[in-house]
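[1] Here is a sequence together with a model predicted from it:
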Amino acid sequence: MRHDHLLSAHQLSRADVEEVLSRAAEVAADPAAFRDRHAGKLLALCFFEPSTRTKMSFDAAMKRLGGDTVDMGSVESSSVKKGESLADTVRVIEGYADGVVLRHPSEGAATMAAEFVDVPLVNAGDGAGQHPTQTLLDLYTIRETHGLDDLTIGVMGDLKYGRTVHSLSTVLTNFDARQHFISPESLRLPRGVRFDLHEAGAQVREHTDLDEVLPELDVLYVTRIQRERFPDENEYHTVAGQYRIDAETLEAAKDDLTVMHPLPRVDEIAPEVDDTDHARYFEQAHNGVPVRMALLDLLLEEGE
Amino acid sequence: MRHDHLLSAHQLSRADVEEVLSRAAEVAADPAAFRDRHAGKLLALCFFEPSTRTKMSFDAAMKRLGGDTVDMGSVESSSVKKGESLADTVRVIEGYADGVVLRHPSEGAATMAAEFVDVPLVNAGDGAGQHPTQTLLDLYTIRETHGLDDLTIGVMGDLKYGRTVHSLSTVLTNFDARQHFISPESLRLPRGVRFDLHEAGAQVREHTDLDEVLPELDVLYVTRIQRERFPDENEYHTVAGQYRIDAETLEAAKDDLTVMHPLPRVDEIAPEVDDTDHARYFEQAHNGVPVRMALLDLLLEEGE
Amino acid sequence: MRHDHLLSAHQLSRADVEEVLSRAAEVAADPAAFRDRHAGKLLALCFFEPSTRTKMSFDAAMKRLGGDTVDMGSVESSSVKKGESLADTVRVIEGYADGVVLRHPSEGAATMAAEFVDVPLVNAGDGAGQHPTQTLLDLYTIRETHGLDDLTIGVMGDLKYGRTVHSLSTVLTNFDARQHFISPESLRLPRGVRFDLHEAGAQVREHTDLDEVLPELDVLYVTRIQRERFPDENEYHTVAGQYRIDAETLEAAKDDLTVMHPLPRVDEIAPEVDDTDHARYFEQAHNGVPVRMALLDLLLEEGE
């Protein structure tokens, strides 16, 4: 890969994405071929915020490459409590490992930290900012189920706060994709994101009603509407109920519609959907392993 | 093993127990032979409740088999806090590993979770329910010190709440064992467990006084009497004092009596007992490694 | 090494120190030669107090030797909460591993624990007591930058509470070193430490002003002055400001002065110093890995 670090989905060109996804497909097809690929290498896991699936899948990915991880532990048990700067923390930790994965509550943290380290650094989420490996695994899932060309995708739910959605939409402008955004008025895509998509020449439409567009979709990407965004409990229930998917909803969809979700879900997708061929969200989560293996493989081999 | 998962000690036939214990004996005799047995495999550690010895010994067991582990971390740092169901959590995590070890505060959690996963799942304790690998290591310890035939065992302490004791007693009905239960009246074995033992044709007697039966015992299994069970502090001290073992107590025992304890102990076994040949509780804890290695070996090779 | 355990810097003779540091230099020169040195071995990490760099660097060190670690986790998630004694905890854990690293809040904990275990035990800090591997990596850093002979070292900051400083000073009495202690009157080296240094025939002088001695120094070891030591905020700022290093301060220093710090720092060394050749504190932290690899290598090979 052309990059020393992966800090933002925005840095990913179409060629970068294709390189990572192709490598991920090789990994998925023959994991044994990668089993000793990075034996003896260590990856530092620096999670300043809680995480289950991102952390576990990076951990699994590094170990599936034959390497191992060293974990910073929780912030409560770290030097950060003693007032150490992030720059100092990462400069110490880079001496313990061959690469660093960083999650931090502050937007821009990964970009700042990368200036201080010589080993590859991967942004695993920086507050309201970026979470580029989530975007890569989303793209990989789309590629495996429908392909990234001639794609009609609907993105539904909380489009205002969902960083996952913003990154995905931005990177999809590099592909031949029609993007439909379905949300209540109060949770529309932020003006800045809409502007960027417009600038990039994306084919974008917004809807408040899924019915308008569902029959056209190849992929429906559902996100959680968070209760805490609503001052009024009743209003939350009214809104959330309109953006909930069940078996009946999906009767109007194409037979080969792919339903995705970044997880965890609460009740925006009914459990009965899990057993349909539409449901790909668990597979999507599992794709975190080959995609992160591919990314680590590319970043670590660069350093050799 | 006939089983895909290990969910309950009750599912273990005599043949199952003997298969695991024989494999454990092979492991203990020649650990080097198992050193690369499951190289490249990952075991997910999902502990929704704190644990030291169970978690560390599963961790050590998987690593002694040449494999590695990925840890979900504490519930505080997991998606569970965002309202994710256990079914969703395990369905995601099974994609990161070749097996899952689950500890959960709710009785029946492991059995429910196993319905959702395709990889082997081991119950490492589900609330007041089951903890079958503890039973296996207890049985292994008895087998190594006295043997499982023609056994006279005393189980003493808190028999009402001790799930360890219930599982062990149930599985011992498959062997030629006379079981004596020694406890204060208020902490007797629950009616349901007594009924099950009776149904299974077990040779069972209950006592309030250890002296009545100590001289006959081959094994004395001591458990902790928990202070919080007693509304009155004085009553606790009176009761606990009667079910405490020291060097003097053991003068009436057979020379080759084996004293066991699931640990941690507080003061129900005096430290002076540690230096006697009777004390096998640390060895019992250490047996968690070969026994869990044997179990994982059997479950993982099944999946190959 | 002559020792089964590493409990205190005071047990380290000049020959011991040289053995560890020479081995560390071999490790640093050719890490690949040590990559499978302890394959199949497990090191238990028992941290009863939070730690980032010490824990991560032991973890990295063991993995760089081809071994692996099993982590006790935090005290909150351990049996300690159930009232288990430290002696019982370490006796159980030694059955899971080939060596134990222990950090504990109580002075003397490691020495006590070592009486109960047969595997090598390393003290990774016991309250106000000892932290001998920090001393070894400090000495290694000095050896690599200036050498341990004909050394003039200044130690500055909080000399009263800094266990790091006390251990280093004590071990330096075995070498040809002139030691200058620079601190406010209220944070002088404790009488007991001064007495020990005097007894050992050390060449020691105390100062309240860095200017008096800076031009002579080969090494300046800076420590943090903790705000909580001062009842008055203003007094803290006055004192801390006098023992703060920046580029201007260093103009009076030798060109090859080495500036060290055990980290984390707050603001006792200005960031502008990081870019000078004087700054060796990140390198010092990184040296934790080869030094701990060397130590573990020596202790574990002894047990074979």
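    Thanks, I have the structure now. Predicted, not measured: the structure shown is a model, and the values here were computed from it. Numbers count the residues shown, from 1 in each chain, chains lettered A, B, ... in the order given.

[2] Quick one: neighbours of A:G201, just the number.
    A:G201 has 8 neighbouring residues, counting by other C-beta atoms under 10 Å in any protein chain shown. Every residue, glycine included, has its C-beta placed from N, CA and C.

[3] Name the nearest residue to it, ignoring sequence neighbours.
    Of all residues not flanking A:G201 in the chain, A:T173 sits nearest, at 6.9 Å (C-beta to C-beta, 6 or more residues apart in numbering or on different chains).

[4] got a pLDDT number for the one you found?
    Looking at A:T173, its pLDDT reads 95.

[5] Wait, it touches A:V204, no?
    No - applying C-beta atoms under 8 Å as the test, A:T173 and A:V204 come out as separate, 9.0 Å apart.

[6] Can you check which residues contact both of the two?
    Listed as contacting both A:T173 and A:V204 by C-beta atoms under 8 Å, 6 or more residues apart in numbering or on different chains are A:L197.

[7] got a list of what the closest residue to A:A61 other than its chain neighbours touches?
    Spatially, and ignoring its direct neighbours in sequence, A:A61 is nearest to A:R292 (3.8 Å; C-beta to C-beta, 6+ apart). Applying C-beta under 8 Å, 6+ apart to A:R292 gives the contacts A:57-58, A:61, A:133, A:137.

[8] how about 7 Å then?
    Each residue near A:R292 by C-beta atoms under 7 Å, 6 or more residues apart in numbering or on different chains is listed here: A:57-58, A:61, A:133.

[9] again with A:V100
    Applying C-beta under 7 Å, 6+ apart, the residues near A:V100 are A:44, A:46, A:90, A:93-94, A:117, A:119, A:121.

[10] Run the chain-centre distance for the worst-scoring helix or strand of chain A on mean pLDDT.
    Every helix and strand of chain A was ranked by mean pLDDT, DSSP states H and E. The lowest is helix A:233-242, at a mean of 84. A distance of 26 Å separates the centroid of the chain from that of helix A:233-242, by C-alpha atoms, centre = their mean, to the nearest Å.

[11] got it, and stretch A:6-25?
    12 Å.

[12] tell me which residues in it are buried?
    A:6-9, A:11-12, A:16-21, A:23-25 (16 or more other C-beta atoms under 10 Å in any protein chain shown).

[13] What is the nearest of those to chain B?
    Closest approach between the buried residues of stretch A:6-25 and chain B, by C-beta to the nearest C-beta: A:A24, at 13.9 Å.

[14] Is chain B within reach of the strand or helix carrying that closest one?
    Under the criterion of DSSP states H and E, A:A24 resides in helix A:14-29. No - on the criterion C-beta under 7 Å from any C-beta of the partner chain, helix A:14-29 is out of touch with chain B, staying 11.5 Å away.

[15] picking up where we left off before, the residue nearest to A:G201 and A:Q203 touch, don't they?
    No - at 9.0 Å, A:T173 does not count as touching A:Q203 under the criterion of C-beta atoms under 7 Å.

[16] out of those two, which sits in the busier spot?
    For A:T173 versus A:Q203, neighbours defined as other C-beta under 10 Å are more numerous around A:T173 (18 against 13).

[17] How about the contacts made by the more buried one?
    A:197, A:200-202 are the contacts of A:T173 under C-beta under 7 Å, 6+ apart.

[18] one more time with 10 Å
    A:T173 sits next to A:14, A:179, A:196-204 when contact means C-beta atoms under 10 Å, 6 or more residues apart in numbering or on different chains.

[19] Quick check: A:A110 vs chain B, distance?
    Distance of A:A110 to chain B, given as C-beta to the nearest C-beta, to the nearest Å: 19 Å.

[20] Pull up the per-residue confidence for that residue.
    Note on A:A110: pLDDT of 97.

[21] That one: which element?
    helix A:109-114.

[22] Check which element follows that helix along the chain.
    Using DSSP H and E, the helix or strand that follows helix A:109-114 in sequence is strand A:121-126.

[23] That next one: which residues count as buried?
    Quick answer for strand A:121-126 (16+ other C-beta under 10 Å): A:121-126.

[24] which of the residues you listed sit farthest apart?
    Farthest-apart pair in the buried residues of strand A:121-126 is A:L121 and A:G125; separation 13.0 Å (C-beta to C-beta).

[25] Overlap in contacts, those two.
    Common neighbours of A:L121 and A:G125, using C-beta under 10 Å, 6+ apart, are A:101-102, A:110.

[26] Export the residues you listed as TSV, with columns for neighbour count.
    Conversion of the shared contacts of A:L121 and A:G125 to TSV gives the following (neighbours: other C-beta atoms under 10 Å in any protein chain shown):
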residue	neighbour count
A:V101	30
A:L102	27
A:A110	30
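
[27] Format those as JSON lines; extra columns: distance to chain C.
    Output for these, formatted as JSON lines (distance: C-beta to the nearest C-beta, whole Å):
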{"residue": "A:V101", "distance to chain C": "14"}
{"residue": "A:L102", "distance to chain C": "14"}
{"residue": "A:A110", "distance to chain C": "19"}
